[in-house]
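**Q** here's a sequence, model it:
(2 chains)
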Amino acid sequence: MIQIQGISKEYGKKQIALDSLTQTLDNGIVSIIGKNGAGKTTLLRILSTQLKATSGDALIDGLSINQDTREIRERIVSIPQEAAPIGILTAYEQVFLYLTGKGFSFHSAKEDSRRALKSVGLGDKMNVPTDELSGGMKRKMFVAMALGSNAETVFLDEPTTGLDPLSRMETWSAIKELTGNVILTTHYMEEATELSEKIYMMDSGKFIGSGTADQLLQDLQDKVRVESRNFMSGSYHVGNMYIKYVSRNSIKDYDDVYYSLKKITIEDLFIIRGVDLES
Amino acid sequence: MNLKFILAMAWYYGVKTVVRGPSYLIASLATPLTLLFLVFVLSHGALVKFAIVGGLIAFVGSVGLSGAGDSAFFRLQLRIQDLYVPSKVSPFDYMAAFTMSYLVFSIPGIVLYIYLGTVYHLFTVYDSLMMVLIMFLLIISTTSISFIISGSIKHLRNIWGITGILTIITSILPPTFYPYTYVPKFFLYIIALSPTTPAAVIAQGAFGLSPNFNIMIYILIVETTIYAILARILVRWRED
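**A** Okay, here's the model as predicted:
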C-alpha cells in the first residue's frame, strides 16, 4: 500500500507539477490516468525515488521515500516512460544485468532472467540483440525485469505508449503476470480498465477522483455522448467537434444535428474535466 | 559496492560490444592510427615512438570521453539510468561499470599499441606496468569528465558535437603525438587540465623519449580525483 502525504513538486516558483497530493493507493494493480502534463510521471518518479519532492512524503509499505530510500530501492522496480533497451545487447543480457543491479547472484540472475523472459513470451527471442525486436517485445523485456526481480511494488510509467494494438495486448498479458503491487500510469482509458481494479484520476497536479471504472462513470450512467460538427448549447468543444452528454430518452431531440452517438467511457470524464463548457 | 553489476556491465558492454559491433572499436582507433601514420611519414620515422605512446593515450582518452555521448544517451533517451536508480546500484557503481566496460573495450587497441611498441623496442616490462597504471587513471578521469558533461546537459542534441570537439582537443592538442618539450611550460600547465597531457608527459618520461617531469604524476592523480568527485555530484542520480 502506498500512502501519499501532501506531496508537492514545484519547478521554479511558477510551475507547480504536483499540488499537495494526499492519497492512498490500494494494493494490486492500480492505474493513474490523466492527460499529458497531469503530473503522473512526476508522481511516479517521486514515489520510485528518482526525483525529490519539494515537500511532503510517501510511505511504501510503511517505508518513507525521504527517510528509507535505500530500503525502498531494494523492494521496488520502476520502468520509466519510453524506456528503451540497449540495442546491441540481447534481452537476456539486459535482464541479467538488471538483476545483478538488484543484488542477485550471477547464478540466480541467470535462472531468473530465463524464467522471466519465458513467462512474458520471449523465450525464443531472449538471445537476439534487442535492436532486432519489435516494440512490443522490447516493452515485454522491461516487464521481464520486474517479473524476474520479484519486486514487492512495480511502477510502470505509460508502459504501452506508442505501441500498435497487438503489441499493446502482448504487453498487457505480460503485466498481468506480475505478482506484486503494480502502479501504472496511462492515458489509454482501455488500458486502465483492462489491467486495474482501481483507477485514480489526475489533472493539473491533483487527484480528481478514484474508483472502479463503473464508479467513476456513475454520474454519466444512462447517458450517451452526442458528437456533432454543429454547435449545440451546453456542449464541450473538442477540436472541430461539439460533444454533449444527454440521457438516452432525449436523443431524439438531437436528430437534426447529431453526427454520431457514442457509448460513455472513462475518456468522457476527461472531456468533462478538461474542456471548458461552451454556453 | 555492487561488484557483480560492474563486472556484468564490463562483460556485456565491454566485450560483447567489441564482438557485435567491431566498427566502434575500429572508429576509436582510426584517428590515432591515422596520426601515427602521418607522424611516421612526415618525420621520416624520427617521431614514431612518440606517436605510438601518444596514440595509445589518445585512443584510451577518446574511448573514455566518448562515454559522454553514451551516458547522456542512456540517461535522456533510453532512460536506463532511471531504471537503475531504484536498485542496489549506487552512482559510484554505475560510473565504475561504465569505466570498466570502456577499459575492457580498449583492450584490443591497447594490445595493438603494445605490439607496435614491442616492434619498435619501446616497452620494457617495468615501463609497461607504469603505462597500465597511467591508462587506468586516464580511463577513470576521462570517463568522469564524460559524466560531468552528460550530467550537465538537458538535451541530447549537442552531446555528439561536444564529444567530438572535446575528443580532438584532448587527444591532439596536448603533447600526445609530439615531445612535450616543444610546449612552453606555462601552456603545458594550462593544457594539463586535460588528463591526456599529464598522461603523455609521464609516458614520454617513462619510456625515455623526453626528460622526466614528475609533478605531472601528482597532477594526474589530483585531477582524476577531482573529476571523479565532480562526476559523482553531477551525475543526476536522484534529481531535485
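**Q** helix, strand or coil for the nearest residue to residue B:216 once chain neighbours are set aside?
**A** Once flanking residues are discounted, residue B:216 sits nearest to residue B:198: 3.9 Å by Cβ to Cβ, 6 or more residues apart in numbering or on different chains. C-betas here are computed from N, CA, C, even on glycine. Assigned with DSSP: H, G, I helix; E, B strand; the rest coil, residue B:198 falls in the helix class.
**Q** chain A versus residue B:198, what's the distance?
**A** 33 Å (Cβ to the nearest Cβ, to the nearest Å).
**Q** for chain B, which segments count as helices?
**A** Under the criterion DSSP state H, chain B contains helices at B:3-9, B:17-20, B:22-42, B:48-72, B:80-84, B:91-119, B:125-152, B:159-171, B:185-191, B:196-206, B:215-234.
**Q** got the CA positions of the last one in PDB?
**A** So the one you mean is helix B:215-234. The C-alpha coordinates for helix B:215-234 follow below in PDB (Å, rounded to 0.1, in the frame of the first residue of the first chain):
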ATOM      1  CA  ILE B 215      55.000  16.800 -11.000                       C
ATOM      2  CA  MET B 216      52.700  15.500 -13.800                       C
ATOM      3  CA  ILE B 217      52.100  12.300 -11.800                       C
ATOM      4  CA  TYR B 218      50.600  14.300  -9.000                       C
ATOM      5  CA  ILE B 219      48.600  16.400 -11.300                       C
ATOM      6  CA  LEU B 220      47.100  13.300 -13.000                       C
ATOM      7  CA  ILE B 221      46.200  11.800  -9.600                       C
ATOM      8  CA  VAL B 222      44.800  15.000  -8.200                       C
ATOM      9  CA  GLU B 223      42.700  15.900 -11.300                       C
ATOM     10  CA  THR B 224      41.500  12.300 -11.600                       C
ATOM     11  CA  THR B 225      40.200  12.600  -8.000                       C
ATOM     12  CA  ILE B 226      38.600  16.000  -8.600                       C
ATOM     13  CA  TYR B 227      36.900  14.900 -11.900                       C
ATOM     14  CA  ALA B 228      35.600  11.700 -10.200                       C
ATOM     15  CA  ILE B 229      34.100  13.800  -7.300                       C
ATOM     16  CA  LEU B 230      32.600  16.300  -9.600                       C
ATOM     17  CA  ALA B 231      31.100  13.500 -11.700                       C
ATOM     18  CA  ARG B 232      29.500  11.900  -8.600                       C
ATOM     19  CA  ILE B 233      27.900  15.300  -7.800                       C
ATOM     20  CA  LEU B 234      26.700  16.000 -11.300                       C
END
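**Q** list the buried residues of it.
**A** For helix B:215-234, a neighbour-count test (16 or more other Cβ atoms under 10 Å in any protein chain shown) marks B:216-217, B:219-220, B:223-224, B:227-228, B:230-232, B:234 as buried.
**Q** which residues of the stretch 1-150 of chain A lie near chain B?
**A** Contacts of the stretch 1-150 of chain A with chain B, taken as Cβ under 8 Å from any Cβ of the partner chain, map to A:45, A:48-52, A:69, A:72-74, A:76-86, A:88-89, A:93, A:96-98, A:100-106, A:109, A:129, A:142, A:145.
**Q** low-confidence ranges in the chain?
**A** Using chain A. For chain A, the stretches flagged by pLDDT under 70 are A:258, A:274-279.
**Q** determine the three-state secondary structure at residue A:121.
**A** Note that with three-state DSSP, the state of residue A:121 is coil.
**Q** for the closest residue to residue A:103 other than its chain neighbours, give me the pLDDT.
**A** On the basis of Cβ to Cβ, 6+ apart, the spatially nearest residue to residue A:103 that is not a chain neighbour turns out to be residue B:88, at 4.1 Å. Among the per-residue scores, residue B:88 shows a pLDDT of 92.
**Q** center of chain A, which residue is that?
**A** The C-alpha lying nearest the average C-alpha coordinate of chain A belongs to residue A:185 (Cα atoms, centre = their mean; 1.5 Å).
**Q** good, we can wrap up now.
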